[in-house]
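> Sequence plus predicted model, see below.
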Amino acid sequence: MRKKRLDPKVFKVPIDRIRNDYYSDIYFSRYVEVLKKDNRHPRVLYQFFPRKDCTVVGIDEALAILRFATGYYKDEEKANQIFQEILSLDKAIQAASVDMRTDIVLKYTERKWDLRIKLNQLWVDKWDEIEVKALYDGDEAREWEPIMTIEGDPTYFGYLETILLGVIARATSTATAVKNVVKAANGKPVLYFSARFDHYWVQATDGYAALCAGAFGVSTDANADYWGAQSMGTMPHALIAAYNGSTEEAAVAFDKHMPENVNRIILVDWDNDVIGTTLRVVKSFYEKQTGKNFVLGVTDPSPIIGVGKGRIWGVRFDTSGNLRDISVVPRDESSLGVCPELVWRARQEFDKVGLKDLKIVVSGGFDADKISLFEKLRVPVDVYAVGSKLLRHKVDITADIVEVDGKPCAKVGRIKQDTSRLERVFKRYWKEEV
C-alpha cells in the first residue's frame, strides 16, 4: 500500500509572510522580479537533491508551501502595502497580548483579518499550473539522487527556493541522524530528547522527522504535533534537586502526581551511584505502596515493577561524561559516563534481587557509533535516549534548473538525473489514495 501525504493544513504555513518574500533570500526574490518585468515566462524543470546519502523528510511541508504559495499578486504594490500593515498589527497585537489588553487585541485582530481577506483577494493561485514529483517522507535517498522536481513557470514559485530547501534540509538532517541511531539500536526503542538543544521553533519539524525515521518517542508536545502523538519522558534532575537531592522522595512524588498512562522512569545518577540509588528508590517505593518493610534480597519487588501508577517501569542512567560511577572499576576514559561496564554491573545486581523486569534507559553522549559499540558488546540496555549529538548531523539540499522549455539547460556539473523513483503529486494529494 502506498504512503499517504499529510494534509498541508497540518504545517501551519505562515501564508502571508511566505507569499510576501519574508523568508526568501533576496536574490531569489529579485530573480523572479526580473523575469516578471522582462515578461519572460519559460517552463523550467527544477531538480532537488541531497549532498549525501540520507533519510528524506520535509517533502510534505515543502508541498504545503507550494500548495499555498505558488502564484503571484495581481497588484504587488498594493499587496506589499497591506502586508506591511499586517506586520505592524502583528507587533501591536503581541505587545497588547503581553499586557493582557484584550480590547486592543480584539480591535487589531479584527483589522488584521480584514486586511488578510483583502490581501488574499489579490492572490492569483497557480498551484494547478505546475507539475510536482517527489519521494515520500521517510524514504531513503542517495547522494545526488533527485528527491523532488518542480516543472512550470518560475515566476510562480522561484522565490520559494530558500524556504523549500530549508524545510527539507532541516527535517532530512534530523531524520538521517535519527535513522542512523535507530539502525544501530537493533530494534531497541530510541527516545528523541533533543528539544532543549535548539530553538523551540524547530521542535515540530524535528519531532516529526524523528518519528518518520523510527524514533519510539519524543519529549515535547510540539515534537509530537505533526504526527498526532503524545510526548514522553522521564523525571529530570531538577525535580531531585527540588527535593533536596533525594531521588527517593522525588520518585515517590513523581508517581503520586503523574497520570496513570505515564511510565515511571526514574533518573538515578544524582549521587553518581546508579545501583545504590536504584535500590533505595525500589525500597522507598515498595514501602510507600504496600506499607510493609522491604528487605533487599529477601522481599519480592515485582509488585512495584511495571507499567502504571505505583510501579517503576525503568531507571535512567545519565552519568556525566567526566565522571566515573562508583561501581565502575577505573581503567581509562572508557570508564567514564554511561559505559558498558556500568550497565552490565547494574543489570547483574538488579537481577540478583528480583528486578529482572526493571528496564534500563541510557542517555548522555549517545550517537550511532556509541550505540553500535553497546550493541556489539551486547550491553543489556533496554532503551536509548539521544539528544544533542543528533543535531550535529547536517544534510545540505540543493536545487538546480536542469531543463528549460523541454531542452537540457544546466550549469556545468549538473544534469537531469533519473527520476523514476519519484511519484507524481496530485493536485489534491492529501485526499487521494496514492
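Structure's in. What do you need?

> Burial check on the residue nearest to Ser372 when sequence neighbours are not counted, number of neighbours?
Closest residue to Ser372 apart from its sequence neighbours, by Cβ to Cβ, 6 or more residues apart in numbering: Ala184 at 4.5 Å. Backbone N, C-alpha and C define where each C-beta goes, glycine included. Using other Cβ atoms under 10 Å, Ala184 has 21 neighbouring residues.

> Would you enumerate the residues in contact with Ala184?
Ala368, Asp369, Ile371, Ser372, Glu375 (Cβ atoms under 8 Å, 6 or more residues apart in numbering).

> which of those count as buried?
Ala368, Ile371, Ser372, Glu375 (16 or more other Cβ atoms under 10 Å).

> Can you classify the second one by secondary structure?
Which is Ile371. Following DSSP: H, G, I helix; E, B strand; the rest coil, we place Ile371 in the helix state.

> pLDDT score assigned to it?
On the pLDDT scale, Ile371 is placed at 95.

> How far off centre is the least confident helix or strand in the chain by mean pLDDT?
Least confident helix or strand, the chain: strand 217-218 with a mean of 78, by mean pLDDT, DSSP states H and E. Strand 217-218 sits 9 Å away from the centroid of its parent chain (Cα atoms, centre = their mean, to the nearest Å).

> mind listing what it pairs with, with the direction of each?
Strand 217-218 has the following sheet partners, assigned by DSSP bridges: strand 190-192 (parallel).

> I'd like to know which elements the following helix or strand past the partner strand is packed against.
Counting by DSSP states H and E, the element after strand 190-192 in chain order, helix or strand, is helix 203-212. In this structure, helix 203-212 packs against helix 161-184, strand 190-192, strand 217-218, with contacts taken as 3 or more Cβ pairs under 8 Å, 6 or more residues apart in numbering; DSSP states H and E.

> Would you mind giving the ones you listed as JSON lines with distance to Ile147 added?
As requested, the helices and strands packed on helix 203-212 are exported to JSON lines (distance: least, Cβ to Cβ, whole Å):
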{"stretch": "helix 161-184", "distance to Ile147": "7"}
{"stretch": "strand 190-192", "distance to Ile147": "22"}
{"stretch": "strand 217-218", "distance to Ile147": "24"}
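
> so where do the helices sit in the stretch 1-150 of the chain?
Under the criterion DSSP state H, counting those that start in this stretch, the stretch 1-150 of the chain contains helices at 15-19, 26-37, 59-69, 76-98, 102-121.

> Spatially central residue for the chain, please.
Residue closest to the mean C-alpha point of the chain, counted by Cα atoms, centre = their mean, is Asp206 at 1.7 Å.

> for that residue, what are its contacts?
Arg170, Ala171, Thr174, Tyr192, Ser194, Ala195, Asp198, Asn223.

> So the fifth one versus Val262, what's the distance?
So the one you mean is Ser194. Distance, Ser194 to Val262, using Cβ to Cβ, to the nearest Å: 20 Å.

> got any ranges where this protein has weak pLDDT?
1-2, 229, 231-232, 432-434 (pLDDT under 70).

> what about 50?
Applying pLDDT under 50 to the chain picks out residues 1, 434.

> Show me the contact partners of stretch 111-123.
So stretch 111-123 is contacted by 16, 19, 71-75, 78-79, 82-83, 85-86, 89-90, 93 (Cβ under 8 Å, 6+ apart).

> Out of those, which end up buried?
Asp16, Arg19, Gly71, Tyr72, Tyr73, Ala79, Ile82, Phe83, Ile86, Leu89, Ile93.

> and the nearest residue to the third one once chain neighbours are set aside, what does it touch?
The spatially closest residue to Gly71, leaving aside those adjacent along the chain, is Lys126, at 4.2 Å (Cβ to Cβ, 6+ apart). Residues in contact with Lys126, defined by Cβ under 8 Å, 6+ apart, are Thr70, Gly71, Tyr72, Gly152, Asp153, Tyr156, Phe157.

> Mind putting these into CSV with distance to Asn272?
Converted to CSV, the contacts of Lys126 look like this (distance: Cβ to Cβ, whole Å):
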residue, distance to Asn272
Thr70, 57
Gly71, 60
Tyr72, 62
Gly152, 61
Asp153, 64
Tyr156, 61
Phe157, 56
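
> So which of the residues you listed is the closest to Gln417?
Gln417 lies nearest to Gly152 out of these, by Cβ to Cβ, at 18.9 Å.

> my guess is the closest one contacts His41, does it?
No - Gly152 lies out of contact with His41 (Cβ atoms under 8 Å); the separation is 9.7 Å.

> Look at those two and report which has more neighbours.
A direct count of neighbours by other Cβ under 10 Å for Gly152 and His41 places Gly152 higher, at 23 against 13.

> Got the phi and psi for the more buried one?
Gly152 adopts backbone torsions of phi 160, psi -170, taken as degrees, to the nearest 10.

> Which residue, other than its chain neighbours, is closest to it?
Take Gly152 and drop its neighbours on the chain: the residue closest to it by Cβ to Cβ, 6+ apart is Ile130, 3.4 Å away.

> What of Tyr46?
Closest to Tyr46 by Cβ to Cβ, 6+ apart is Ile150, at 4.4 Å.

> mind listing what that neighbour touches?
Ile150 is in contact with Leu45, Tyr46, Phe48, Leu66, Ile130, Glu131, Val132, Phe157, counting by Cβ under 8 Å, 6+ apart.

> is it in a bridge, and if so with what?
Where Ile150 sits in a bridge, its partners, by DSSP bridges, are Tyr46, Val132.

> And it, how far from Ala224?
Ile150 is 30 Å from Ala224, by Cβ to Cβ.

> got it, and Ala185?
Plainly put, Ala185 is 20 Å away from Ala224 if you go by Cβ to Cβ.

> cool, Asp103 as well?
To Ala224, Asp103 is 35 Å away according to Cβ to Cβ.
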